[in-house]
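Colleague: Below is the structure, and that's it, no one-letter string:
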């Protein structure tokens, strides 16, 4: 893995994008389904932000795991303030989002061309 550090600001962007994406999906499926139009709205609305950050998924996961208690609280409070969530709810969503983005990055890696040995 690279020694590149992404920092807490990138984690804040990730947290906000992932929570917004989850909320968008949940809102659109309130009636039990997502229509084609709603799917396109997600794909071209909130998904691109989450996707661009997801490409750094493994680095983000390492950065998240490297946070100290104060930084972790700063991240959670940022999401609470930005998205008007309850503290415990925000923490659970952030952790799930970090795991999701790391998994998504691994998924994307399976499609990247392997360098010739």
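Modeller: Received it, and whenever you're ready, just let me know what you need. All values derive from a computational prediction rather than experimental measurement.

Colleague: Quick check: residue 45 vs residue 33, distance?
Modeller: 18 Å (CB to CB, to the nearest Å). In short, each C-beta sits where N, CA and C put it, glycine included.

Colleague: meant to ask about residue 46
Modeller: From residue 46 to residue 33 the distance is 18 Å (CB to CB).

Colleague: who's more crowded, the two?
Modeller: Higher neighbour count among residue 46 and residue 33: residue 46, with 20 against 9, using other CB atoms under 10 Å.

Colleague: That one against residue 16, yeah?
Modeller: No - if you go by CB atoms under 8 Å, residue 46 and residue 16 don't touch, sitting 10.3 Å apart.

Colleague: Quick check: closest non-adjacent residue to residue 85.
Modeller: Sequence neighbours aside, residue 79 is the residue nearest to residue 85 in space, at 6.3 Å (criterion: CB to CB, 6 or more residues apart in numbering).

Colleague: Pull the number of nearby residues for that neighbour.
Modeller: Taking other CB under 10 Å as the criterion, the count of residues near residue 79 is 24.

Colleague: Isn't it up against residue 92?
Modeller: No - when contacts are counted by CB under 8 Å, residue 79 is not listed as touching residue 92 (10.6 Å).

Colleague: Mind pulling up the pLDDT for residue 102?
Modeller: Turning to residue 102, the model gives it a pLDDT of 69.

Colleague: From residue 36, how far out is residue 61?
Modeller: Going from residue 61 to residue 36 by CB to CB gives 33 Å.

Colleague: And residue 55, by the same measure?
Modeller: Noted for residue 55: a distance of 26 Å to residue 36, by CB to CB.

Colleague: Of the two, which one has the most company?
Modeller: Neighbour count, other CB under 10 Å: between residue 55 and residue 36, residue 55 has more, with 14 against 7.

Colleague: Can you name the residues in contact with stretch 91-105?
Modeller: Identification of contacts with stretch 91-105 by CB atoms under 8 Å, 6 or more residues apart in numbering yields 11, 14-15, 18-19, 22, 50, 53-58, 60-61, 64, 75-76, 79, 85.

Colleague: Please consider this matter closed, and thank you.
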